[in-house]
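Engineer: quick one, what's the 3D model for this:
(2 chains)
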Number of protein chains: 2
Amino acid sequence: MPEFLTLLPPDDARALLLSHLSASTTDSVVIDVSSSLGRITADDILAPHPLPDFQRTTVDGYAVRARDTFGATDSLPTYLTLIGEVPMGDSPAFEISAGQCALIHTGGMLPNGADAVVMLEYTQNVRGRGDLHGRPSEIEIFRAVADGENLIRVGEDVAQGQLVLPKGSLIRPAEIGGLMALGITSVRVARKVMVGLISTGDEVIEPSQSPRPGQVRDINSYTLASLVEKSGGRRNVMGFLVTSLKS
Amino acid sequence: MPEFLTLLPPDDARALLLSHLSASTTDSVVIDVSSSLGRITADDILAPHPLPDFQRTTVDGYAVRARDTFGATDSLPTYLTLIGEVPMGDSPAFEISAGQCALIHTGGMLPNGADAVVMLEYTQNVRGRGDLHGRPSEIEIFRAVADGENLIRVGEDVAQGQLVLPKGSLIRPAEIGGLMALGITSVRVARKVMVGLISTGDEVIEPSQSPRPGQVRDINSYTLASLVEKSGGRRNVMGFLVTSLKS
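Structural biologist: All right, here's what the predicted structure looks like:
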């Protein structure tokens, strides 16, 4: 092997480099969740309340007492009295008693007394809502539901105090939605890593310059800077290090 | 099926939506390549010159005339006279004649007369460069090379006039490096798509607000806005559309 080809093994080179750097520090900053895409959480994040924090339906249909629907089939439907419609974004002003039901839309809050929802597809409004005789509408139910069917219970998605994002998590669009759902609108994140880039090589010139014979344009600084940016860091292109005197 | 459940098939809904939008337009803008990560090219980009634009070595070693090395082996090396060192970033001031060689570093410009490079690992400097008697060093060559071995010819990466990036290409870190290598420091790109987001639903409130019973925080606007941002678009959260009067 030639006399001037003395190289360090990768581990030794890395140790030599790191021995000249100060200890790494992690600093953090509080930012709006809406601007936190791609950042890394600096704290454990716990749920301040359960999610959902009210019992709600996952389908459009009728809120019922499940036991009132037992045995209902296409050929032998059950009939329930329609007592109202659950308003979106508010709690219903009524309770469901035996033999009663209420119209409810996806995401609506289950009225007291109800413990399941029958999908609209398995029902039929017998007399229509604008009944001329002032009688309450009756709803035909063609399929039985079990207690808890077609609804989400309180805390079923997230329990109060549950760890939703451990420290060090990458914040993606889904995490932003999850934090917003819990009313968490600001978050402590790690500061972006600053990566300094130094090019070496006597033959390297700025891309805007015209190379003389034997010269090449600096590609690596800009490619690596873009990779740093893409990876969520901040770039600092520090220019050229001339490694030897020109002849 | 119930009387009020009237829905459009997806294709019809899409056609209805698009019929109310003006024709799409694509606008473009010229920006610095160094800031173009994630953008889309608006023009075909052609190479203004070949790459590389000089013949250069891919290894550290000795520039030689390939025919001078034919038959060289570990047990029967060929001896060549060292006539100089190719400076990095400049053209060599000498030519290689029969029986001669020159030290050359990766990326260095091949001297006239040479047509191949022998890797340093297959050579030995017999007398050393600081020879006391002023004699030129001799280099032992332990392996034969073929014409063109261990070098890149002019235009081997990119030919002059070659299409390097067709219109509509996504600019990633590699594309930034490729453009810089060709001295292309600005680029025409499509303007970022602006995506307007409107939430619907009477039960939806801002994430910073405390939900009353039956209300939920707006998750989708922020999740979708983050997806738009992640996909290279610009977000415009336009607030809520109340779909019905509150009861």
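Engineer: quick check: which ranges of chain A have low pLDDT?
Structural biologist: Where chain A drops to pLDDT under 70, the residues are A:1-5, A:24, A:128-136, A:239-247.
Engineer: excluding chain neighbours, what is closest to the residue positioned nearest the centre of it?
Structural biologist: By Cα atoms, centre = their mean, the mean C-alpha position of chain A lies nearest to residue A:174, the distance being 1.8 Å. Distances taken as Cβ to Cβ, 6 or more residues apart in numbering or on different chains put residue B:223 closest to residue A:174, at 6.6 Å, once the chain neighbours are dropped. All C-beta atoms are positioned from the backbone trio N, CA, C, and that covers glycine.
Engineer: secondary structure class for the one you found?
Structural biologist: The three-state label given to residue B:223 by DSSP: H, G, I helix; E, B strand; the rest coil is helix.
Engineer: ok, and does stretch A:74-90 reach over to chain B?
Structural biologist: Yes. Using Cβ under 8 Å from any Cβ of the partner chain, stretch A:74-90 reaches chain B at A:85-90.
Engineer: in that stretch, which residues are buried?
Structural biologist: A:77-78, A:80-90 (16 or more other Cβ atoms under 10 Å in any protein chain shown).
Engineer: now swap in stretch A:49-67 and tell me
Structural biologist: For stretch A:49-67, by 16+ other Cβ under 10 Å, it's A:49-57, A:59-66.
Engineer: repeat that for stretch A:99-112.
Structural biologist: Within stretch A:99-112, the residues scored as buried using 16+ other Cβ under 10 Å are A:100-111.
Engineer: near chain B, from those residues?
Structural biologist: Counting by Cβ under 8 Å from any Cβ, the members of these near chain B are A:107-109.
Engineer: residue B:231: which of these is nearest?
Structural biologist: Closest approach to residue B:231 among those (Cβ to Cβ): residue A:107, at 27.2 Å.
Engineer: next, count neighbours for the closest residue to residue A:226 other than its chain neighbours.
Structural biologist: Nearest non-adjacent residue to residue A:226, counting by Cβ to Cβ, 6+ apart: residue B:173, 3.7 Å away. Residue neighbour count, defined by other Cβ atoms under 10 Å in any protein chain shown, stands at 18 for residue B:173.
Engineer: residue B:173 is in contact with residue A:227, isn't it?
Structural biologist: Yes. The pair residue B:173 and residue A:227 passes the contact test of Cβ atoms under 8 Å, sitting 4.7 Å apart.
Engineer: can you pull the contacts of the residue nearest to residue A:226?
Structural biologist: By Cβ atoms under 8 Å, 6 or more residues apart in numbering or on different chains, the residues touching residue B:173 are A:223-224, A:226-227, A:230, B:37.
Engineer: now, of the residues you listed, which are buried?
Structural biologist: Those of the contacts of residue B:173 that meet the buried threshold are A:223-224, A:226-227, B:37, by 16+ other Cβ under 10 Å.
Engineer: and chain A, what are its domain boundaries?
Structural biologist: A:25-49+A:157-191, A:56-152, A:192-247 (automatic domain parsing).
Engineer: out of those domains, flag the one nearest residue B:6.
Structural biologist: domain A:56-152 (12.0 Å).
Engineer: okay, now stretch A:54-68: how far is its last residue from its first?
Structural biologist: Using Cα to Cα, to the nearest Å, the end-to-end distance of stretch A:54-68 comes out at 23 Å.
Engineer: chain center to that stretch, what's the gap?
Structural biologist: 27 Å (Cα atoms, centre = their mean, to the nearest Å).
Engineer: could you confirm whether that stretch reaches chain B?
Structural biologist: Yes. Counting by Cβ under 8 Å from any Cβ, chain B has neighbours in stretch A:54-68: A:54, A:56, A:60.
Engineer: make CSV out of these and add secondary structure.
Structural biologist: What follows is the residues of stretch A:54-68 next to chain B, written out as CSV (three-state DSSP):
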residue, secondary structure
A:54, coil
A:56, strand
A:60, coil
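Engineer: chain A: helices as residue ranges?
Structural biologist: Taking DSSP state H as the test, the helices found in chain A are A:10-19, A:173-181, A:220-230.
Engineer: just send the ones you listed back as TSV, with distance to residue A:70 too.
Structural biologist: Shown next, in TSV, are the helices of chain A (distance: least, Cβ to Cβ, whole Å):
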stretch	distance to residue A:70
helix A:10-19	70
helix A:173-181	35
helix A:220-230	58
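Engineer: can you tell me which of those is nearest to residue B:209?
Structural biologist: helix A:173-181 (11.1 Å).
Engineer: now that closest one - C-alpha only, PDB.
Structural biologist: These are the backbone C-alpha positions of helix A:173-181, laid out as PDB (Å, rounded to 0.1, in the frame of the first residue of the first chain):
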ATOM      1  CA  PRO A 173     -51.100  16.000  10.100                       C
ATOM      2  CA  ALA A 174     -52.900  13.200  12.100                       C
ATOM      3  CA  GLU A 175     -51.100  14.400  15.300                       C
ATOM      4  CA  ILE A 176     -52.200  18.000  14.600                       C
ATOM      5  CA  GLY A 177     -55.800  16.800  14.300                       C
ATOM      6  CA  GLY A 178     -55.500  14.700  17.500                       C
ATOM      7  CA  LEU A 179     -54.200  17.600  19.500                       C
ATOM      8  CA  MET A 180     -56.900  20.000  18.200                       C
ATOM      9  CA  ALA A 181     -59.600  17.400  19.100                       C
END
